[in-house]
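> give me coordinates for this.
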Amino acid sequence: MASKGFFNAFDDIWMLDGMRTPMVDYCGALGHISPTDLGIKAAKAALTKAGVSPEHINTVLTGNMAPGDYEQFMLPRHIGMYAGVPQSVPALMTQRICGTGFELFRQAGEQIQSGCADVALVVGSENMTRNPIAAFTHRTGFKLGSPVEFKDFLWEALNDSACGINMIQTAENLAKKYGITREEVDVFASASFAKAVAAQESGFLAGEISPVVTEKFELEGYATRGIKLQGKITEVDKDTHARISPVEVLAKLRAVHAGGVQTGGNSSALVDAAAAAIVASGAYARAEGKKPLARVVAAAVVGVPPEIMGIGPAPAIKLLLERAGLQLDAIGRFEINEAQGAQTLSVGRELGLDLSKLNVNGGAIALGHPLAATGVRLTLTLARELQRSGLRYGVSSACIGGGQGIALLLENPLAS
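Predicted coordinates:
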């Protein structure tokens, strides 16, 4: 019996290239910038890197979870227009929480394969700093003595009211289920930091980063947008959260929940960032003489129990490989979002994964998890790593709050 969920196999669909902004700790140098402008920055950089004219884009697919300003409704349209895409080209916002960036590739593949488009601009943008302090109950006014219900959207969104627990607690459930200790989680986190620092020092990560500077985004006949860095900062050119973090230092941090294994040091970092990629048909790539970064082979999405939502990548990857006709050992590299350390280790145990193939340039614990941008970032990093290492197949994946998992299969066109 086939695994449950849904699966897409794509014929002749390619990621031409992509770029991203640095991922910067929240309340940091990018904290004041609209996610729309971060998205425009990433989109323009991706188009330039891929050598694709904005005039060639047929569809704009974007993701952004929490509103970073009052313009969120217009974010997809503004990213496309200010990146130079013709006004006649439609734009879409999609939402699959932490799986949003992967979903953008899946939808791009569907649209191109169905003949709706030849070239897609996919952009995930997230400003975690600008998550609002919100209230949903005061439209009719404030009654005398009634509670004022403004809450921190960023914190409250971590709660799943269906199962009555937050995302950290779902990882604690997995730690108990798979017998994962606090020491194991801290060791995993320390390794993530070390790999990220090494990837920075080698210059590998810089190859996908477009430095953020003060600049204007002009659009004839319309208001000028742009990015203005604050204070004495003139350029932001690298991820800021990665640092050497010895196990003994991580071990001193207090668990979020008493007796638990998850801390602020072994969970994904809060960062602000955007990432973009160009996805195209093989016919377009060949006609334009492009050398694609990766073939987008297939995608799979599944549902899992909300109380152990973090296990989602395991059944998604199983379905992906089962339907693609591949064994686990055929996959040379895995990029699995490190929402929490125990969560990622649980996925590894469920799959029987060789951890030496996992997140070899560091993961979200070290680099950050900018929700809608994460899937684009992981998939871009994976494609570049496959080419660097000369490996054929790679999988990018993430768990999804509420109980889902998503996974993409990439193939390196240069692999023998």
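> show me where this protein has its helices.
Ranges of helices within the chain are 35-50, 75-82, 100-113, 153-156, 167-178, 182-201, 247-250, 282-287, 313-324, 341-351, 364-367, 371-389, based on DSSP state H.
> okay, Ser146: pLDDT?
pLDDT for Ser146: 88.
> and it, how many neighbours?
Neighbour count of Ser146, defined by other Cβ atoms under 10 Å: 10. Yep, even glycine has a C-beta here, placed from its N, CA and C like the rest.
> that one and Ser161: what is the separation?
Using Cβ to Cβ, to the nearest Å, Ser146 is found at 21 Å from Ser161.
> kindly report the same for Gln95.
Separation of Gln95 from Ser161 (Cβ to Cβ): 18 Å.
> ok, Thr263 next?
25 Å.
> more neighbours, the two?
Using other Cβ under 10 Å as the criterion, Thr263 and Ser161 rank with Thr263 on top: 22 against 8.
> can I assume that one is in contact with Ala255?
Yes. Counting by Cβ atoms under 8 Å, Ala255 is a contact partner of Thr263 at 5.5 Å.
> the most centrally placed residue in the chain and Leu367, how far apart?
Closest to where the C-alpha atoms of the chain average out (Cα atoms, centre = their mean) is Thr374, at 1.0 Å. Relative to Leu367, Thr374 is positioned 10 Å away (Cβ to Cβ).
> can you check Phe193 too?
With distances taken as Cβ to Cβ, Phe193 is found 9 Å from Leu367.
> check Leu320 too.
Between Leu320 and Leu367 the distance is 24 Å, computed by Cβ to Cβ.
> how about Asp329?
To Leu367, Asp329 is 27 Å away according to Cβ to Cβ.
> what's the neighbour count on Met93?
The tally of other residues near Met93 (other Cβ under 10 Å) stands at 18.
> now Ile317. Nearest residue, chain neighbours left out?
Leaving aside its chain neighbours, Ile317 sits nearest to Ala407 (4.8 Å; criterion: Cβ to Cβ, 6 or more residues apart in numbering).
> how many residues are close by that neighbour?
Count around Ala407 with other Cβ under 10 Å applied: 30.
> for Arg349, same thing?
Neighbour count for Arg349, taken as other Cβ under 10 Å: 17.
> contact partners for it?
Tyr178, Ile180 (Cβ atoms under 8 Å, 6 or more residues apart in numbering).
> make residue 1 into 13 and carry on from there
Happy to do that; since the first residue is 13 now, the last one works out to Arg361.
> now do the same for it: its pLDDT.
At Arg361, the predicted lDDT confidence score is 98.
> which sections of the chain are below the confidence cut-off?
Applying pLDDT under 70 to the chain flags residues 13-15, 428.
> check contacts around the residue of it positioned farthest from its centre.
Here the centre of the chain is the reference, and by Cα atoms, centre = their mean the most remote residue is Leu156, at 43.9 Å. Contact partners of Leu156, counting by Cβ under 8 Å, 6+ apart, are absent.
> distance of the residue nearest to Gly63 when sequence neighbours are not counted from Asp130?
Counting by Cβ to Cβ, 6+ apart, the nearest residue to Gly63 once its immediate chain neighbours are dropped is Lys302, at 7.2 Å. Relative to Asp130, Lys302 is positioned 12 Å away (Cβ to Cβ).
> next, show the common contact partners of those two.
With Cβ under 8 Å, 6+ apart as the test, Lys302 and Asp130 both reach Ala292, Tyr296.
> quick check on the closest residue to Phe148 other than its chain neighbours: phi, psi?
Once flanking residues are discounted, Phe148 sits nearest to Glu161: 7.5 Å by Cβ to Cβ, 6+ apart. Glu161 adopts backbone torsions of phi -100, psi 40, taken as degrees, to the nearest 10.
> hang on, isn't Glu161 packed against His150?
Yes. In this structure, Glu161 is within contact of His150 by Cβ under 8 Å, at 7.0 Å.
> re earlier: which one's more surrounded, Asp341 and Leu379?
Using other Cβ under 10 Å, the more surrounded residue of Asp341 and Leu379 is Leu379, with 32 against 9.
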